[in-house]
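Undergrad: Predicted model and sequence below, questions to follow.
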Amino acid sequence: METAISELVDAGVSRVRACEVTGRSRASHYRGRTTPPARVPCPRKRQPRALSEDERAAVLGALNSERFAEMAPASVYAVLLDEGRYLCSVSTMHRLLRAAGQNGERRAQAVHPASVKPELIAEAPNQVWSWDITKLHGPAKWTYFYLYVILDIHSRYVVGWMLAPHERATLAEVLIAETAAKQNIDRGQLTLHADRGSSMASKPVALLLADLGVTKSHSRPHVPNDNPFSESQFKTMKYRPDFPGTFATIEAARGLSQKFFTWYNHDHRHCGLAWHTPATVHYGTADQIRRQRASTLDAAYAAHPERFVTKPPTPPKISNAVWINKPETEPATPT
């Protein structure tokens, strides 16, 4: 098209007439003939209200800190204001996060340090307690009664329990304080282990343990085997033949709990305790009972030795050390 117009112009035809003959608009013709000048980008002026690089880094550092990593920018903004600090506006926080590719759900982006595997040993009663809360079904759907239980892991003795219509850290605080006083716990004597439930990890409970001189310990997230003694005790309770599916009233639930814990502490021969009851191990009478068992077995062997093929019978011994997550022993290095 451009070539035809150029030939007509060279032959003496006006450029306007040449465009009419060829059917090309003059605007398109002239636009095609001229090369637009190269655009030189104009440098953007830095806004006087813009944050400096150091200030931007400080804002991102605060937002990604362990303290604020799971909080929304608006919440971080409010907390900092309450502390007398102002870094930038909420919209600027969002803009910096978006530029860093961190916009979206912040809890999913938070990076937490690896949880430490708890390794606890109890060589006597009242050295390590485990506690937890379980739900007992109430009379209607989605109604529950909450059973708080504190267990000594060495003796399996239930040292304290409480039944309440709701779960509250303040109730747990009362139970722990009363149980520690009843068992005459000295400062530095006890470690209290629990999972990471809201009541277990609450600030009131943490402050109470600090006041009592009790060391706190927590399971790793989503690892029920880190709290095996409490889980096992709850299973024993709920698999009893007389345990109902639901409770009509909290008084009924409390009555069954009282009956169960009396049986569990004083009548239940525990396989983990060499078939002694938790009460005899907790209060130090298990050795005497073991000697009585040994005397009975000696008499039986003396009367009918032919009935014991391999060796004279002896009662099983109670383990001196009870572990939560016993460390694996490393094999000896050959010399």
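TA: Good, I have the coordinates.
Undergrad: helix or strand right after the helix or strand bottoming out on mean pLDDT in the chain?
TA: Using mean pLDDT, DSSP states H and E, helix 106-109 stands out as the lowest-scoring helix or strand of the chain, at a mean of 66. Counting by DSSP states H and E, the next helix or strand C-terminal to helix 106-109 is strand 120-122.
Undergrad: Contacts only, for the most centrally placed residue in the chain.
TA: With distances taken as CA atoms, centre = their mean, the residue of the chain nearest its centroid is Pro221 (3.7 Å). For Pro221, the contact set (CB atoms under 8 Å, 6 or more residues apart in numbering) comprises 115, 196. For every residue, glycine as well, the C-beta is placed using N, CA and C.
Undergrad: cool, the one 3 residues further on as well?
TA: The contact partners of Pro224, taken as CB under 8 Å, 6+ apart, are 195, 231.
Undergrad: Let's verify Leu147: helix, strand, or coil?
TA: Of the three states, Leu147 takes strand under DSSP: H, G, I helix; E, B strand; the rest coil.
Undergrad: Contacts only, for it.
TA: Shown in contact with Leu147 (CB under 8 Å, 6+ apart): 133-136, 161-163, 253, 257.
Undergrad: mind redoing it with 6 Å?
TA: Residues in contact with Leu147 (CB atoms under 6 Å, 6 or more residues apart in numbering) are 134, 136, 163.
Undergrad: circling back to that earlier point, how near is the residue nearest to the centre of the chain to Asp195?
TA: 9 Å (CB to CB, to the nearest Å).
Undergrad: all strands of the stretch 51-200 of the chain, in order?
TA: Secondary structure of the stretch 51-200 of the chain (DSSP state E, counting those that start in this stretch): strands at 120-122, 128-137, 144-152, 158-164, 191-194.
Undergrad: Contacts for stretch 244-260, please.
TA: Applying CB under 6 Å, 6+ apart, the set of residues contacting stretch 244-260 from outside is 136-137, 139, 145, 163, 165, 237.
Undergrad: Show the contacting residues for Ser217.
TA: Ser217 makes contacts with 118, 191, 193, as judged by CB under 6 Å, 6+ apart.
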